[in-house]
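Asker: Just to be clear, the model below is a prediction. Sequence and coordinates:
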Amino acid sequence: MQAQSPNIKSVFSLKRVLIPIAIGIGFSVYSLYASNFDLSVLKGIEVSVKYILLALLCVVLRDLMYIIRIRILTENRLSWLDAWHVVMLWEFASSVTPAVVGGSAFAIYFLNQEGLSLGKSTAIILTTVVLDEIFYILFVALLLLILGTNLIQFAESLPFDPMFFFFVGYGFIIIMTICIMLGIFIAPHGIKKLLVKLFSFSFLKKWQPQIEKTGDDLITTSIELKGKPFGYWTKAFIATILTWTARFMVLNFLILALNPELGFHILQQLLILAKQLVMWVILLISPTPGASGIAEISFSAFFKYDFPEQTNAAVAVLWRAISYYPYLALGLIILPIWLRKMQVRKQK
């Protein structure tokens, strides 16, 4: 199933890209202003260069595992350079769109432009979603088993109950993952019929054509993924485990970098990971581009006892400077190069 692709430049016009970047940076600056951030509090703080380097290494490992995973899932249809372009543009799209929207729809588009059929592109991105959610579900369950109620004893200063949002989000992720897996592997035709039936009511009927297309994509995805060998799934899931572990360990190493006297204690590191898992669900429902502002505010609430006094806002910016802002810069550099490559490819 191959759909007519929209004009690339109309999708990624400079105006459409710069506005969300400005909004995102604006929210981050405001969060610093609202926290009465004072640069002088950073003077005299002991910093471990070793842990800073480990944090940067985790950023590189995270992206490398994303690239390896996308090559595994495309069965090496993409070169290393093309896979890097797709991953960086996917991260860029996630950084300039509201967190609740995410960059998955753009990722399908990027893969489709790289020469994969729309059905295969949809199948690959849906597979990454399922693998990510399975990792999250299992990792949270493991930490709950190890830490018990210690998982929920933090972030009391937020103006809302973070644990309510966490458990609602966790339950939603479980339900969504089950539905996707049922739709892909067991009854794609049945799920399509159910969706079309639900949207046959008069107040929903205007969305029925889109739902029918979604059903067709689901059936195509099922055909693409059924019969894949065990090794295909094993390698993809190992890459998923490594990329998410590296993503979360960035913050663990930043905390150790600013508190080198703490030492690496496994239960303490697991508690920091648990806090990130709760915060991650909250960031998923953020309406701001890349969860800007919400990320910094939530960070200060969750980790205010893990850093030297009054440094939370500065560390939040450092964390975002490593894990968020580089993708804005890389996206702005890579996007025009990739657009030119797509235009040249279309002219051949």
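Answerer: Arrived safely, thanks for sending. Numbering: from 1, shown residues only.
Asker: residue ranges of the helices in the stretch 1-150 of the chain, please?
Answerer: For the stretch 1-150 of the chain, applying DSSP state H, counting those that start in this stretch gives helices covering 8-11, 14-34, 49-73, 80-96, 104-113, 118-147.
Asker: Return the distance of residue 75 relative to residue 228.
Answerer: Separation of residue 75 from residue 228 (Cβ to Cβ, to the nearest Å) stands at 9 Å. (Glycine included, C-beta is placed from N, CA and C.)
Asker: Comparing these two, which shows the higher neighbour count?
Answerer: residue 228 (14 against 11; other Cβ atoms under 10 Å).
Asker: Need the three-state assignment for the more buried one.
Answerer: With DSSP: H, G, I helix; E, B strand; the rest coil as the basis, residue 228 sits in coil.
Asker: With the one 4 residues further on instead?
Answerer: Secondary structure of residue 232, reduced to three states by three-state DSSP: helix.
Asker: roughly how far apart are the nearest residue to it once chain neighbours are set aside and residue 128?
Answerer: Once flanking residues are discounted, residue 232 sits nearest to residue 72: 7.0 Å by Cβ to Cβ, 6 or more residues apart in numbering. In this structure, residue 72 and residue 128 are 10 Å apart, going by Cβ to Cβ.
Asker: mind saving the C-alpha coords of the helix or strand harbouring residue 179 as PDB?
Answerer: For residue 179, the element it lies in under DSSP states H and E is helix 162-181. C-alpha atoms of helix 162-181 as PDB (Å, rounded to 0.1, in the frame of the first residue of the first chain):
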ATOM      1  CA  PRO A 162       2.300  12.600  40.400                       C
ATOM      2  CA  MET A 163       1.500   9.100  41.400                       C
ATOM      3  CA  PHE A 164      -2.100   9.400  40.200                       C
ATOM      4  CA  PHE A 165      -0.900  10.400  36.800                       C
ATOM      5  CA  PHE A 166       1.800   7.700  36.900                       C
ATOM      6  CA  PHE A 167      -0.600   4.900  37.600                       C
ATOM      7  CA  VAL A 168      -3.200   6.200  35.100                       C
ATOM      8  CA  GLY A 169      -0.400   6.500  32.500                       C
ATOM      9  CA  TYR A 170       1.000   3.100  33.400                       C
ATOM     10  CA  GLY A 171      -2.400   1.500  33.100                       C
ATOM     11  CA  PHE A 172      -3.000   3.200  29.800                       C
ATOM     12  CA  ILE A 173       0.400   2.000  28.400                       C
ATOM     13  CA  ILE A 174      -0.500  -1.600  29.400                       C
ATOM     14  CA  ILE A 175      -3.900  -1.400  27.700                       C
ATOM     15  CA  MET A 176      -2.500   0.300  24.600                       C
ATOM     16  CA  THR A 177       0.300  -2.200  24.300                       C
ATOM     17  CA  ILE A 178      -2.200  -5.100  24.600                       C
ATOM     18  CA  CYS A 179      -4.500  -3.600  22.000                       C
ATOM     19  CA  ILE A 180      -1.700  -3.000  19.500                       C
ATOM     20  CA  MET A 181      -0.400  -6.500  20.000                       C
END
